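# Need a 3D model of the following:
(3 chains)
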Amino acid sequence: MIRNILKKIAEIVLILVILSFFVFLLLYIAPGDPAEKRLTSQGVAITKQVLDAERERLGLLKPFLVRYGEWLLSVIRGDFGISFKDDMPVAPKLYKGLLNTFFLAFTSLSVSLIVSFILGVSSALRKDSMLDHAVRIYSFIANSLPNFLISVLLMYFFCIKLNIFPVIASGNIQGLVMPVLCLSIPMTGRFIRQIRTEVLNQMNEDYVMGMKCRGVKKHYIALNIIRNSLGHIFTIVAIQIGTLMGGSVVIEAIFRWPGIGKLVMDSISARDYPVIMGFVLIMGTIYIVVNTLSDMLDKVLDPRIEKD
Amino acid sequence: MSETILKIQDISLAYEECPVVTNLSLDVKRGELLCIVGESGSGKSTLLRAVCGDELVKVTAGSIIYEACDIVGMKEAERQKLKGTRIGYIQQNPYGAFNPLRTIEAQFRETLKSHGKTFRRTDLREIFGILELNNSDEILKSRPYELSGGMNQRIAIAASFILRPELLLCDEITSALDVTTAAAVMEELFKLKSENGTTIVLVTHNIGQASNIADRIAIMYQGKIVEFGESEKVLMHPEHEYTKKLLRDVPRL
Amino acid sequence: MKKRISRKKVIKIKLVIMVVLALSVVFLTLFAGVIAKNDPYQTCATSIRTAPCVDYPFGTDNLGRCIFARVLYGGRTTIAATFALVFISFAIGTVIGMVCGYFGGIIDRILMRLADITLGFPQMVVAIAVAGILGGGIKSAMIALGITMWVSFARLARSHTFSIRSAAFVQTARFAGKNDAYIIMVHVFPNLLAPVLTNALTQIGTTMIGLSGLSFLGLGVIPPAAEWGSMISEARAYIQIAPWAVIYPSVATIITIIIFNYLGDVIMDYREVR
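Take a look at the predicted model:
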C-alpha cells in the first residue's frame, strides 16, 4: 500500500517536472522580452544598455538549463522565485489568487453538482417523461453555450435590464452569483448528461430486475442504483475539473475576479515568467492529484475494480 | 394436486416489439413442479418474465390468470404487491439477484422491510441450513461479488423462500453453474419445495434435469408448446418430433 | 423489430436535417460576399450604432460597420479555423495513433506517455497560456488548442489499430508479403476512419467554443478582423446603447455550436443503430 502510494507520488512528480520543462522551453523560445515589457511599463526610455542591464538583473542572460535549474530550486524552497513585474515573491501572489479561485470554483462545482445530481437522477428514473425531455434539452443547450457568452448575456439581463447584480465582481456574495452561474451552467449540461447515462446503465443491470421481482420497494431500488452510480459520478467530476479550471481563467478575466486565472492573464501580457510557471505547476498538480484521488475513491466504492 | 394456481390462456408475447410467443396456453396446478423445456430462443424465458411482470415483455393478446385474477390488466401498484410474497422469481444470472456492491444482510433487510417483515437471523439460518450455506454470519457480511456463483444462486433461492411465495418461477437457475453444484442446488430447491409446499415452474434447456424432478413437463419450440403432460408420459411416449429429438440427444451414462 | 426500424428511420431523418443545416451554415458564410451587401470593414462616421434597419439588417457597431456582414464574414473565420484545426489534429493524431498501434514498442511507449502528460492538463488552461505566450493571431490560437487536441484522435486510432492488426485479413496480407505501409494504408486506415471521423465531428463544437473564447479574451484574431468572439468582446463595452451588436453574433455562435454538437450526437446514434 505505502509502496504504491510512493510510486504514485513519484509518477506525479515526474510528470510535473516534464510538464514544467516543456512550458519553460516554450517560454524560452516564445517571442516577447520580460525586460522590455517591464521597462516599458515603468516608462523608461529603452536603450540597448538599459535593456541589457535589466536582462542581467532578471537573470535572463544565463543559459537555459541553468535558469530552469534555478527555477526548480525555487520550487523546492517553496517561494517560486521573484516576480519579473514588481520584484515581489511569487508564492504569496499565487496563494492569494488560488484562495479566491478555490472559493469561486468550489462554489460553482457544488452548485452544479447538486443541481445536476437531482436533475440527472430524476430524469433517468423517469425516462421518456416530460421532465426527462425538458432536462435533456436543457443539458444539451447548456453544454453548447460557451461560458464567455453566458457572461455577456447574463450581464445584459441582470445588470443592465434588471439592475440586480453589480457588473464587476468584488469578492462578496452578490458579486459571486454571476461568475458562479457562468461556470455552472455549461458544467450542469455535461454533468446531467453523464449522470443520466450512468444511472440508466445501472437501471439495466440484472440486480434491478432481481430486486423488482422480489417486490423490493421503489425507493430502495433507487437508492441502490444511486449508490452504485457514485463511483462513476466521482470520475466524471474529476474529469470536469480540467474544464472548470480553464473556465475559471476565462470567467475571472471577464469579471475581474482576483483569482489565479486573472493573475496569469496579467502575467502573460507582462511576460512575468515566474508567475506563469508557478501557475502551470499548481494547476497541473491540482488536476493530477484530483484525478489520482478519484481513481482511488473509485476503488473504494467499487472494490471489483481492484480485483480486475 | 388438482387446483389450478396459474392459468395462461391464448397468450401472445413480444419482446422489444419482436413477437416471441404466439397463442400459448398452459396451466399450473397448486403444489406441482412444472418444467418448461426448450432450446434458447424458444420463448420460455419470455413466458416466465411475462408472468413475473417484466415491463420489457409486452402481452399482445391473451390473459394470465393467477388465483382467479387476470394479472395482465392489473394496475402497476397491485401487481407490485404480488411480487416476492405471492410470485417469486429467480433468474439465470447467479449474480443478478443482488446489488453486487452491498452486503447480503443489508439486501435481505431491504427485501423483508419492503414486505413489512422483520429481519431475523434465526429464520434465515434455517433456510440457509437447507441450502448448505453453513457460516451464515459470514455470508451476511459479504458482498455478492466476493462469493461464488453457486453461493449467490443459493442465497437468491433463500431470498425467495424467506418471503414464502405460493408460486416460484425459476429461469435456468443452474445453467451458469458447474454440473456438481447445479445438481446440489436442484436437490436443495426440491427439499425447500417439499417443506414449504411451494408451486414451482422451472424453465430449463436440459430435459435430463427436468426428468429427475418434474411432475409435469411442457416442451416449448419456436414460441409454442408442442407437448405437455405428466412427465412420465412425455418422457416415455413422446409424440412430437422435437421431443423425440431432445430425448435422443440426452447423453446416456 | 418494428420499433427498432422506426427509431432507425427517425435517426436517418434527423441526420439528413442536421447535415443540411450544417451545410447551410457553412455555405452562408462561404458566400458572405454575395449575401451581404455591405463591406464588413467599411467604417462609417454617420451611421454609428444604428439599430437594425433595411440597410443594416443587424444594425451597426461602434465604428458604423455592418453587423450582418461582420457576422457572416466572422463566421467564415471561426468555421474555417475550426475545420482546419480539427482536420490537422485528426491527421496528426491518426498518423501517430496508427504508428503506435501498429508497431508498438518504444515509439508507442514514448508517444503514449506524452499523450498521458498532455491529457494530464486541462485544454483551455494550456490554450490560454500558450496563446498568450505566442502572442495574438488566429494561428497561435490554433496551435494553442491543437497542442492538446491530437491526443483523443491518437488514442482512438491506436486502440482501433490494435484490434485491426490482429484481424485475419491483416494477417493474410502480411503472409502475402505486403509491406507495413501498404497494410496501414489499405487495411488499417479505411477501417478506423469511421470512428475517428465521428470523433472529429464531435470535436467541432468544443473547438469552436475554444477558438471564440480565445478571441473573446483577445488571444485569437486580431481586430479589425471579424470574428464572433472578438465582436462580442468589443461590443460588450457598449451593450447598453447597442445591444444588437452583442446579441446577433452571440445568437450566431450559439446556433452554430448547437447545430454541430447535435450533428455529432446524431451521427453517434446513427453509427449505433446501423
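
# near chain A, which residues of the stretch 101-250 of chain C show up?
Within the stretch 101-250 of chain C, the positions near chain A by C-beta under 8 Å from any C-beta of the partner chain are C:116-117, C:120-125, C:127-130, C:132-135, C:205, C:209, C:212-213, C:216-217, C:229, C:232-233, C:236, C:239-240, C:243, C:246, C:250. Placement of C-beta: from N, CA and C, glycine included.

# Out of these, which sit inside helices?
C:116-117, C:123-125, C:127-130, C:132-134, C:205, C:209, C:212-213, C:216, C:229, C:232-233, C:246, C:250 (DSSP state H).

# residue ranges of the helices in the chain, please?
Reading this off chain A. Using DSSP H, helices in chain A cover A:2-29, A:34-42, A:48-58, A:64-77, A:90-125, A:130-144, A:147-154, A:173-203, A:206-213, A:218-255, A:260-269, A:273-301, A:304-307.

# should've been chain C
Using DSSP H, helices in chain C cover C:2-30, C:32-35, C:67-103, C:105-119, C:123-134, C:138-165, C:168-175, C:180-183, C:189-216, C:228-235, C:244-273.

# next one: the worst-scoring helix or strand of chain C on mean pLDDT to chain centre, how far?
Ranking every helix and strand in chain C by mean pLDDT, DSSP states H and E puts helix C:32-35 at the bottom, with a mean of 79. Relative to the centre of its chain, helix C:32-35 is centred 22 Å away, using C-alpha atoms, centre = their mean, to the nearest Å.

# Tell me which residues are up against that helix.
C:28, C:40, C:69, C:72-73, C:75-76 (C-beta atoms under 8 Å, 6 or more residues apart in numbering or on different chains).

# Check which residues of it are buried.
C:Ala32 (16 or more other C-beta atoms under 10 Å in any protein chain shown).

# Next, count neighbours for C:Met112.
18 (other C-beta atoms under 10 Å in any protein chain shown).

# Now which of the residues of the stretch 101-250 of chain C next to chain A would you call buried?
Buried among these by 16+ other C-beta under 10 Å: C:117, C:120-125, C:127-130, C:132-134, C:205, C:209, C:212-213, C:216-217, C:229, C:232-233, C:236, C:239, C:243, C:246, C:250.

# in its sheet, what does the helix or strand harbouring B:Met220 sit against?
Element membership for B:Met220 (DSSP states H and E) is strand B:216-221. Here strand B:216-221 has these sheet partners by DSSP bridges: strand B:33-37 (parallel), strand B:224-230 (antiparallel).

# how far does the longest one sit from the chain's center?
What it means is strand B:224-230. With C-alpha atoms, centre = their mean, you get 18 Å for strand B:224-230.

# What are the buried residues along that strand?
B:225-228.

# Could you tell me the average pLDDT over it, please?
Over the span of strand B:224-230, the pLDDT mean works out to 89.

# helix or strand right after it?
Following strand B:224-230 toward the C-terminus (DSSP H and E): helix B:231-236.

# immediately after that following helix, which helix or strand?
Assigned by DSSP H and E, the successor of helix B:231-236 is helix B:241-249.

# just the angle between that next one and strand B:33-37, please?
100 degrees (axes from the mean of the first three to the mean of the last three C-alpha atoms, to 10 degrees).

# So which elements touch helix B:241-249?
strand B:216-221, strand B:224-230 (3 or more C-beta pairs under 8 Å, 6 or more residues apart in numbering or on different chains; DSSP states H and E).

# Need phi/psi at A:Leu145.
phi -90, psi 120 (degrees, to the nearest 10).

# what about it, neighbour count?
By other C-beta under 10 Å, neighbour count at A:Leu145 equals 20.

# for the one 10 residues further on, same thing?
The local packing count at A:Met155 equals 21, with neighbours defined by other C-beta under 10 Å.

# Help me confirm that it comes into contact with A:Pro179.
No - in this structure, A:Met155 is not within contact of A:Pro179 by C-beta atoms under 8 Å, at 10.9 Å.

# Please export the alpha-carbon coordinates of the strand holding B:Met220; PDB is fine.
Provided in PDB are the C-alpha atoms of strand B:216-221 (Å, rounded to 0.1, in the frame of the first residue of the first chain):
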ATOM      1  CA  ARG B 216     -45.300 -32.400 -15.500                       C
ATOM      2  CA  ILE B 217     -43.300 -31.300 -18.400                       C
ATOM      3  CA  ALA B 218     -44.100 -28.800 -21.200                       C
ATOM      4  CA  ILE B 219     -41.900 -28.800 -24.300                       C
ATOM      5  CA  MET B 220     -41.600 -25.500 -26.000                       C
ATOM      6  CA  TYR B 221     -40.500 -25.000 -29.500                       C
END
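
# Quick one: mean pLDDT for that strand?
90.

# residues making contact with it?
With C-beta under 8 Å, 6+ apart, strand B:216-221 has contacts from B:26, B:29, B:32-39, B:42-44, B:47, B:207, B:210-211, B:225-231, B:234-235, B:240, B:242-243, B:246.
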